[in-house]
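Asker: starting from these lines, generate the structure:
(2 chains)
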Amino acid sequence: MASSNEDTGIGLWNRRNFLVTSVVSSMSITFLDQSPANAAPAATPDLRAPYATTIDVNGQRYHLAIDVRTTLLDALRDHIGLTGSKKGCDHGQCGACTVMVNDRRVLSCLTLVATLEGRNVTTIEGLSQADGTLHPMQQAFIDHDAFQCGYCTPGQIVSAVACVKEGHAETDADIREYMSGNLCRCAAYPNIVDAIKQAKTKMKEA
Amino acid sequence: MQPFQFSRVGDLQSAYSAFCAADEGADEAHSRSQYLAGGTTLIDLMKLGVMRPDRVVNINDLDQTNAGRIEFAGNRLRLGALARMSTVADHPDVRRDFPVIAESLQLAASAQIRNMASLGGNVLQRTRCSYFRDTSYSNCNKREPGSGCAALDGINRGHAVLGISERCIATYPGDFAQALIALDAQVEVMGRKGPRELPLANLHRQPGQTPHLETTLGPGELITAFRITRAPFTRRSLFLKVRDRQSYEFALASAAVAIDLDRDTVKQARIALGGVATVPWRAHEAEASLKNRRLDETAMSRAADLAFADARPREHNAFKIELGKRTLIRALRQAAAMEI
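Answerer: Numbers count the residues shown, from 1 in each chain, chains lettered A, B, ... in the order given. From the prediction side, this is the model:
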């Protein structure tokens, strides 16, 4: 199996579980399809043959056999079942797909998963504690109503955590400048700045 | 995105070999291989179908070699081409002694993109011309040599007024290269004949009759570092960028300036312009006009006029001439007021 999904419970049949299960089922079919190609060596390389790679996401290792064109964002959402990271523009212009690689925030839509072997990925799902306690930044976004529709929020929160850790959240102006890569079409920007200031204090105390 | 062969390399020689393996017989304009560093230009353009390499060589592991390091010894700063934009922008030595470099990087793109993008890739980033990026326009001499230029009579508000030709008016989109060209940076390159170096001023080509040839790099040649020497003007230097929104946007006009002032008299000035030209643009005549002059409003105006003397606007971008002049004047005024 190319990915694990322990949180799929029979009794909790919701949209996400349905999607995760569908993805895993379709992947098994993909594997069956590809076994003949592996057996017969071709003179010219088969560019559509699966590329085997390993990535570490939120402390868990995943062995993937994927099309080498797969971005980290598509791998997370479609192959691993972590749908928190969102696809907005898919061209590096909106920030909804922001994750951390080796503790640096990056755009998962412009990152090929094949380039990540040996690197650690942290997504929005990896921020809260095992007992469900929210990360101070997640709590701050709730406390300050720092979203309306919520679509950009996972990217905003991951980006904001990195922004604080980088030391680029010292002033309101800094926060606005260093968060400019995360667009919010609901324009919750003033509340996002407030949330980051609250979380910054909490993160320093922790 | 078109399928491609993918390889991962850990040293320069393997990178060059992997690149050339898929590239036999290809001329420099139709290289079938591409190096992949941060991917912020390449993956974007591959998704758009503008770039369609058969082989992608992942060179990100080279950031563990000296191609990824920042070294400052004596008066010489060496920036490895695999160093990320954000790392260099935040580097204390760069911020103190070469503020124009730190600012050009910090004002570019977003925090996420600056964490990904390498210096080498940044300098080689492709134009944002919407006719180049949109393959539904069949006429783009950069994409398809000889097909024409949709921008000449299209919506060309963002296009260049300096260094243009009747075949292409696409703006060079970067910021960092303007800082480099202003400071006379050298580029270290690795290629078939081993390492070589060239001035950054000789790296980019104006479009002329061949807009598809953007640089003087040969097939498989890889930028490994940029070298800048500290000079009397490097501390009094800054990057000013004017754009449609305050952050995360390409320049409509920008100026990289560095001046050596003796009280209010200019001993030496270095000026480069961005957002207005087809390549990183050094304004030599403007620099010469300031030498040994008092840096007053008259001198700055004259320098700005000289910088744009050869500007040729199209229908929607004439505003860039006045905007570019004012940007340069404001940059000079701010540089003169810097405390160093």
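Asker: where in the stretch 101-250 of chain B is pLDDT low?
Answerer: Residues of the stretch 101-250 of chain B meeting the criterion pLDDT under 70: none.
Asker: counting neighbours, what do you get for residue A:173?
Answerer: Residues lying near residue A:173 (other CB atoms under 10 Å in any protein chain shown) number 9. Yep, even glycine has a C-beta here, placed from its N, CA and C like the rest.
Asker: so what's the residue count around the residue in the stretch 51-200 of chain B that chain A sits nearest to?
Answerer: Across the stretch 51-200 of chain B, no residue is closer to chain A than residue B:110, which sits at 2.5 Å (CB to the nearest CB). Neighbourhood size, residue B:110 [other CB under 10 Å]: 27.
Asker: could you do the one 3 residues further on as well?
Answerer: Counted with other CB under 10 Å, the neighbours of residue B:113 add up to 25.
Asker: repeat for residue A:49
Answerer: For residue A:49, the tally of surrounding residues (other CB under 10 Å) stands at 15.
Asker: may I have the helix ranked longest in chain B as PDB, with CA atoms only?
Answerer: Selection of the longest helix in chain B by residue count, based on DSSP state H, yields helix B:319-337. Provided in PDB are the C-alpha atoms of helix B:319-337 (Å, rounded to 0.1, in the frame of the first residue of the first chain):
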ATOM      1  CA  PHE B 319       4.000  56.100 -18.700                       C
ATOM      2  CA  LYS B 320       7.000  53.900 -17.900                       C
ATOM      3  CA  ILE B 321       9.300  56.600 -19.100                       C
ATOM      4  CA  GLU B 322       8.200  59.300 -16.700                       C
ATOM      5  CA  LEU B 323       7.700  56.700 -13.900                       C
ATOM      6  CA  GLY B 324      11.200  55.300 -14.600                       C
ATOM      7  CA  LYS B 325      12.800  58.700 -14.400                       C
ATOM      8  CA  ARG B 326      11.000  59.500 -11.100                       C
ATOM      9  CA  THR B 327      11.900  56.100  -9.700                       C
ATOM     10  CA  LEU B 328      15.600  56.800 -10.400                       C
ATOM     11  CA  ILE B 329      15.500  60.300  -9.000                       C
ATOM     12  CA  ARG B 330      13.800  59.100  -5.800                       C
ATOM     13  CA  ALA B 331      16.300  56.300  -5.500                       C
ATOM     14  CA  LEU B 332      19.300  58.700  -5.800                       C
ATOM     15  CA  ARG B 333      17.700  61.100  -3.300                       C
ATOM     16  CA  GLN B 334      17.200  58.200  -0.800                       C
ATOM     17  CA  ALA B 335      20.700  56.900  -1.300                       C
ATOM     18  CA  ALA B 336      22.200  60.400  -0.700                       C
ATOM     19  CA  ALA B 337      20.300  60.500   2.600                       C
END
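Asker: shouldn't residue B:218 be within a strand?
Answerer: No - counting by DSSP: H, G, I helix; E, B strand; the rest coil, residue B:218 is not part of a strand but coil.
Asker: which non-adjacent residue is nearest it?
Answerer: Distance criterion CB to CB, 6 or more residues apart in numbering or on different chains; nearest residue to residue B:218, sequence neighbours excluded, is residue B:191 at 5.6 Å.
Asker: any idea how far residue B:238 is from residue A:144?
Answerer: 35 Å (CB to CB, to the nearest Å).
Asker: one step back: residues contacting the residue nearest to residue B:218?
Answerer: If you count contacts by CB atoms under 8 Å, 6 or more residues apart in numbering or on different chains, residue B:191 has them with B:16, B:217, B:218, B:220, B:221, B:222.
Asker: please apply the same query to residue B:56.
Answerer: A:112, B:4, B:5, B:6, B:7, B:33, B:34, B:35, B:36, B:42.
Asker: near chain A, which residues of the stretch 201-340 of chain B are found?
Answerer: Residues of the stretch 201-340 of chain B that fall close to chain A, judged by CB under 8 Å from any CB of the partner chain: B:246, B:247, B:248.
Asker: list just the nearest of the residues you listed to residue A:87.
Answerer: residue B:248 (18.9 Å; CB to CB).
Asker: now do the same for the closest residue in space to the closest one that isn't next to it in sequence: helix, strand or coil?
Answerer: Among residues not flanking residue B:248 along the chain, residue A:180 sits closest, at 4.1 Å (CB to CB, 6+ apart). Here residue A:180 is recorded as coil under three-state DSSP.
Asker: now for residue A:180, how many residues are close by?
Answerer: Neighbour tally, residue A:180, other CB under 10 Å: 20.
Asker: now do residue B:322
Answerer: That count, for residue B:322 with other CB under 10 Å as the rule, works out to 12.
Asker: one more: residue B:288?
Answerer: If you count neighbours by other CB under 10 Å, residue B:288 ends up with 13.
Asker: and it, how close does it get to chain A?
Answerer: In this view, residue B:288 and chain A are 36 Å apart by CB to the nearest CB, to the nearest Å.
Asker: ok, that residue to residue B:50 distance?
Answerer: For residue B:288 relative to residue B:50 (CB to CB), the value is 39 Å.
Asker: my guess is the residue nearest to residue B:248 contacts residue B:247, does it?
Answerer: Yes - if you go by CB atoms under 8 Å, residue A:180 and residue B:247 touch, sitting 3.7 Å apart.
Asker: anything in contact with each of these two?
Answerer: In contact with both residue A:180 and residue B:247: residue B:110, using CB under 8 Å, 6+ apart.
Asker: if residue B:5 is in a bridge, with which residues?
Answerer: residue B:55 (DSSP bridges).
Asker: helix or strand for residue B:260, just tell me which one.
Answerer: According to DSSP states H and E, residue B:260 maps onto strand B:253-262.
Asker: which helix or strand lies directly C-terminal to that strand?
Answerer: As assigned by DSSP H and E, the chain's next helix or strand after strand B:253-262 is strand B:265-274.
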